[in-house]
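Asks: When you get a sec, could you give me coordinates for this:
(3 chains)
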Amino acid sequence: MKEQKWNELPEGVVVPEGGNSQGTYIVAGWRTFKPVVNSEKCINCMTCWIMCPDNAVQASGGKMLGFDYLACKGCGVCAEVCPVKAIDMVKEER
Amino acid sequence: MKVALETNQLMAFAMKQIEPHVVAAYPITPSTEVVQEFSQYVANGDVRTEFVAVESEHSAMSACLAASLAGARVMTATASQGLAFMWEMLHIASASRAPIVTIVANRALSAPINIHGDHSDAMGARDTGWIQLWAESAQEAYDNVIQAIRIGEDPRVRFPVLVNYDGFTTSHAVETVEVLEDEEVRKFIGSFPRPEVNFLNIEKPASFGVLALQDYYMEFKRAQAEAYKNVKPVVLEVAEAYAKLTGRKYGLIEEYKLEDADVVLVAMNSAAGTAKETVDKLRQAGKKVGVLKIRLFRPFPIEEVASALKGAKAVVVMDRAYTYGGPAGPLFCDIAAALTNVAQRPLLGNVVAGLGGRDITMEHVEHMFNLGYKALERGSFEPLVTWVGVRE
Amino acid sequence: MLEVRWHGRAGQGVKTAAYLLAEAAMDTGKYIQAFPEYGAERSGAPIAAFTRIDDNPIRIHYGIRNPDVVVVVDESLIGAMDVTAGLKNNGVLLINSAQDPSFYKSKLGDFQGRVATVDATKIALETIGRPIPNIPIMGALLKVTGVVSLDDLEPRLRHKFSAKFSQEVVEGNVKALRRGFEEVKVL
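Replies: Alright, predicted model coming up:
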């Protein structure tokens, strides 16, 4: 990404577009372990969806669908908070 | 219309005329009545302002900041320890370009505990990035607060503004003051120019309070530092419009009998009036003296100050605060910096006076001018800093 | 410029009196300045207040050192502090006291000015039922100095007090003002 000069910045300390954790700022490369969900165990309680700091849990119609691996940095919070241990942190293979 | 109101009540009255969207405040002496009287206007339904009663000044400024970034016209009032307690939020407000107007009845800082007038509080805020206007009288305090709204909110500026006047000496004084009609104030300040990017505009989402480390912090701060260049012309434009409305003219500084002055005293707030009266008295005795009053203290009008003082032989700078452990008083350091590149520099000396509400009398001012004359005889101010009006 | 220095105790309406005089003078077209001087506010503590009245805008901003008039709202302050400090030699000393002015005049050495007394506390008790002597002594001040007429001050008094007090208290104060004006003794 090109680094901006001081006179190219927006006024005030704002980033003038929202939702930039998805698509613009890719943290996938930070992962050592990645979360994998076992849909048979999952009870769709959405705790992981609430707790994910990067909005990387994909959900629709009240169902937990899986992960956006471009947005996930592998922190493991989802696996930690899952009440039925439906998420495993699996070693990333590159 | 002429009114006789205590300056604090006058400030609350000005706030009523301005009718900001949000006021978040925690009252503190000597600006208590500003908040108290304004909250009565709110309770009586005279204004539609959302009044947020908070539990501290830190929270007051936090709430003001959030409201401002949400796109509201915001005001508050404080003093002394209260302004000090706002300190970290003051930096965030200016860097976030939140045009909050804060009324400050200047007061000493503890310890020892003291509730009276001096400039320690505002000097503590001088590097926070807030615009600072200073007032000699109740009239100037009223005029400044009306102008502060337009200055701070101007899209070329968008910085918060401190409106200063001396605690007790001015805050608790009743003076003859000419006020505008509500409608005139409303027209003069106009509607709030809400920036497109704000908390509540869901059409244009943005991230606020962002992190910028080694890679971006300096660029953000350079951009902020550069933006103050726009302030001076806007202050003058607003002053000109205000003069058209009221006949009362304001500049960045006020030069009082400087044309032929040998010894010049630099002063701010109420002592400037006492100094002018002393100048008239000394001029009758044939002494060529003058006063330079600073109205816009931040951003500091360095060129105007240099130009106003370059003809003087000796300049005495009066500080009503001190930089403990520093080289001299805070105003002195700014004046000295302003004269750095002047070829024929006048002799420069510093006096500290009026701390903690100690009166600054005409006798004190006369003594200050005499220090200037003594320096001219001797070729330098010795010592550089003299405390005036203290038991030695 | 006329400079009036008021001495009294917190709770006696000293600040109110200093402001009221200034406001009434402003109504007659004068420039004014009035302010109190106190430490931490507590009822009974000695306080001072200042009123300046002039034909021109007032630029000086500090406590009055050389008053034309000193008003002592609480007699017990005499002796406890130097209430006449800096009083101009041809000035006026007005004291809330049942004593005759000669009692004080004799103590003032070569003071050339006028000394006046009025029993403002008694008047206050009889007119408003509370020992707040500020308004009766104001009446006395108007009589002795003529700085503002009774007719100029009364509307300001009514205006100022109506915002805070009942009609009965307002009328009591108007009565107190007039009685102070009538009952002051001058030497």
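
Asks: Find the residue closest to the residue in the stretch 101-250 of chain B positioned nearest to chain C in space, skipping its chain neighbours.
Replies: Going by CB to the nearest CB, chain C is nearest to B:A173 of the stretch 101-250 of chain B, at 3.8 Å. For glycine as for every other residue, the C-beta is placed from the backbone atoms N, C-alpha and C. Nearest residue to B:A173 in three dimensions, chain neighbours excluded: C:F35, at 3.8 Å (CB to CB, 6 or more residues apart in numbering or on different chains).

Asks: List the residues that contact the residue in chain C that chain A sits nearest to.
Replies: In chain C, the residue that lies nearest chain A is C:H61 (38.5 Å; CB to the nearest CB). Applying CB atoms under 8 Å, 6 or more residues apart in numbering or on different chains to C:H61 gives the contacts B:E136, B:S137, B:D166, B:T169, B:T170, B:A173, B:S270, B:A271, B:G273, B:T274, B:I360, C:Q33.

Asks: can you rerun that using 6 Å?
Replies: B:T169, B:S270, B:G273, B:T274 (CB atoms under 6 Å, 6 or more residues apart in numbering or on different chains).

Asks: Enumerate the residues of chain A near chain B.
Replies: By the rule CB under 6 Å from any CB of the partner chain, the part of chain A lying against chain B is A:W6, A:L9, A:E11, A:G12, A:V13, A:V14, A:V15, A:P16, A:G18.

Asks: possible to save the residues you listed as JSON lines with secondary structure?
Replies: Listed next are those as JSON lines, based on DSSP: H, G, I helix; E, B strand; the rest coil:
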{"residue": "A:W6", "secondary structure": "helix"}
{"residue": "A:L9", "secondary structure": "coil"}
{"residue": "A:E11", "secondary structure": "coil"}
{"residue": "A:G12", "secondary structure": "coil"}
{"residue": "A:V13", "secondary structure": "coil"}
{"residue": "A:V14", "secondary structure": "strand"}
{"residue": "A:V15", "secondary structure": "strand"}
{"residue": "A:P16", "secondary structure": "coil"}
{"residue": "A:G18", "secondary structure": "coil"}
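
Asks: Name only those of those residues that count as buried.
Replies: The neighbour count (16 or more other CB atoms under 10 Å in any protein chain shown) marks A:L9, A:G12, A:V13, A:V14, A:V15 as buried among those.

Asks: can you list the weak-confidence ranges in chain A?
Replies: A:1, A:18-23 (pLDDT under 70).

Asks: so what's the residue nearest the centre of it up against?
Replies: For chain A, A:A56 is the residue whose C-alpha lies nearest the centre (CA atoms, centre = their mean; 2.6 Å). By CB under 6 Å, 6+ apart, the contact list for A:A56 reads A:F67, A:D68, A:A71, A:C72.

Asks: mind redoing it with 8 Å?
Replies: A:F67, A:D68, A:Y69, A:A71, A:C72, A:K73.

Asks: quick one: is stretch B:142-160 near chain C?
Replies: No. Using CB under 8 Å from any CB of the partner chain, stretch B:142-160 stays clear of chain C, coming no nearer than 14.0 Å.

Asks: Who's the closest spatial neighbour of the residue of chain C closest to chain A, skipping the chain neighbours?
Replies: B:S270 is the one closest to C:H61 (CB to CB, 6+ apart), at 3.7 Å.

Asks: tell me the contacts of that neighbour?
Replies: Taking CB under 8 Å, 6+ apart, one finds B:G117, B:E136, B:S137, B:Y165, B:D166, B:T169, B:T170, B:I360, C:H61 in contact with B:S270.

Asks: and C:Y62, how far is that from B:E237?
Replies: To B:E237, C:Y62 is 35 Å away according to CB to CB, to the nearest Å.

Asks: out of those two, which sits in the busier spot?
Replies: C:Y62 (22 against 14; other CB atoms under 10 Å in any protein chain shown).

Asks: helix, strand or coil for that one?
Replies: coil.

Asks: That one is in contact with B:D166, isn't it?
Replies: No. Contact between C:Y62 and B:D166 fails when scored by CB atoms under 8 Å: they sit 10.5 Å apart.

Asks: Overlap of the contact sets of the two?
Replies: Joint contacts of C:Y62 and B:D166 (CB under 8 Å, 6+ apart) do not exist.

Asks: ok so, going back, quick check, nearest of the residues of chain A next to chain B to B:I113?
Replies: A:V13 (36.5 Å; CB to CB).

Asks: For that closest one, give its distance to B:A227.
Replies: 12 Å.

Asks: Flag every residue of chain B that's near chain A.
Replies: Along chain B, the residues adjacent to chain A under the rule CB under 8 Å from any CB are B:95-98, B:158, B:197, B:204-210, B:212, B:215-216, B:218-220, B:222-223, B:226-227.

Asks: Just the ones of those residues in strands?
Replies: Mapping those onto strands (DSSP state E) picks out B:S207, B:F208.

Asks: Restricted to buried residues, select the residues of chain B next to chain A in ChimeraX.
Replies: Here is the ChimeraX command that picks out the buried ones among these, judged by 16+ other CB under 10 Å:
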select /B:95,96,97,98,158,197,206,208,216,219,220,223,227
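
Asks: any idea which residue of the chain is furthest from its center?
Replies: In the absence of a named chain, chain A is used. Residue of chain A lying farthest from the centroid, by CA atoms, centre = their mean: A:N7 (32.4 Å).

Asks: Actually, chain B is the one I wanted.
Replies: Outermost residue of chain B with respect to the C-alpha centroid, by CA atoms, centre = their mean, is B:E203; its distance is 37.2 Å.

Asks: C:E37: what's it in contact with?
Replies: B:F168, C:I47, C:A48, C:A49, C:F50, C:G63.

Asks: Can you tell me which of those has the lowest confidence score?
Replies: Lowest in pLDDT among the contacts of C:E37 is C:I47, which has 92.

Asks: OK, contacts around it?
Replies: Contacts of C:I47 (CB under 8 Å, 6+ apart): C:H7, C:G8, C:R9, C:A10, C:V14, C:K15, C:P36, C:E37, C:Y38.

Asks: What pairs with the helix or strand containing it, parallel or antiparallel?
Replies: Using DSSP states H and E, C:I47 falls within strand C:46-54. Here strand C:46-54 is paired, per DSSP bridges, with strand C:2-9 (antiparallel), strand C:31-37 (antiparallel).

Asks: For those, give me JSON lines that also has mean pLDDT.
Replies: JSON lines is the format used below for the strands paired with strand C:46-54 (pLDDT from 0 to 100):
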{"stretch": "strand C:2-9", "mean pLDDT": "97"}
{"stretch": "strand C:31-37", "mean pLDDT": "95"}
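
Asks: got the buried residues for the longest helix along chain C?
Replies: Identified as the longest helix of chain C according to DSSP state H is helix C:167-183. By 16+ other CB under 10 Å, the buried positions in helix C:167-183 come out as C:169-170, C:172-181, C:183.
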